[in-house]
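> missing the sequence, but the structure's below:
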């Protein structure tokens, strides 16, 4: 079972993702890639944030520091993509939330199954 402090993450693939630009959903700029969805931590069970993005062309975008005011194109692009994926009111945000919830629950079940298998083995170990 996942213990407090354990960090869970999974990959969310996106294609034809649109970002908000000039107060419009821009369809002339479609993005393809994967986002790393990471658990928000203790007290935020089942919630996630985007920790990294890899575009299909190979570019890797790291999550900027929260207090960073760096105005680079890469920083702004990361923020705009993450804003779509982290927003459950967008189609991509809903899909990411569903995927994360499913994968997170599966990981908890897998961990529980492993624990159930290991405990009997530990009990038998001294007898060997």
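Done, it's in. Keep in mind it's a predicted model, so treat the numbers as computed, not measured. Numbers count the residues shown, from 1 in each chain.
> Give me the helices and strands touching the longest strand anywhere in the chain, please.
Ranked by residue count, the top strand of the chain under DSSP state E comes out as strand 24-39. When contacts are defined as 3 or more CB pairs under 8 Å, 6 or more residues apart in numbering; DSSP states H and E, strand 24-39 packs onto strand 9-21, strand 48-55, helix 73-85, helix 91-124. All C-beta spots, glycine's among them, are computed from the backbone N, C-alpha and C.
> one more time with 6 Å, if that's ok
Secondary-structure packing of strand 24-39 (3 or more CB pairs under 6 Å, 6 or more residues apart in numbering; DSSP states H and E): strand 9-21, strand 48-55.
> which residues touch residue 75?
Residues counted as contacts of residue 75 (CB atoms under 6 Å, 6 or more residues apart in numbering) are residue 64.
> now it: how far from residue 67?
12 Å (CB to CB, to the nearest Å).
> ditto for residue 58
Distance from residue 58 to residue 67, by CB to CB: 29 Å.
> ditto for residue 54
24 Å.
> Check residue 85 too.
Residue 85 is 22 Å from residue 67, by CB to CB.
> more crowded one of the two?
Using other CB atoms under 10 Å as the criterion, residue 85 and residue 67 rank with residue 85 on top: 23 against 5.
> close enough to count as contact, that one and residue 94?
No - proximity of residue 85 to residue 94 does not meet the contact threshold set by CB atoms under 6 Å, at 10.1 Å.
> Tell me the pLDDT of residue 95.
pLDDT, residue 95: 96.
> can you check residue 65 too?
pLDDT, residue 65: 81.
> Can you give me the neighbour number for it?
Residues lying near residue 65 (other CB under 10 Å) number 9.
> Distance-wise, check the residue nearest the centre of the chain relative to residue 80.
Nearest to the geometric centre of the chain sits residue 37, at 0.5 Å (CA atoms, centre = their mean). For residue 37, the distance to residue 80 equals 17 Å [CB to CB].
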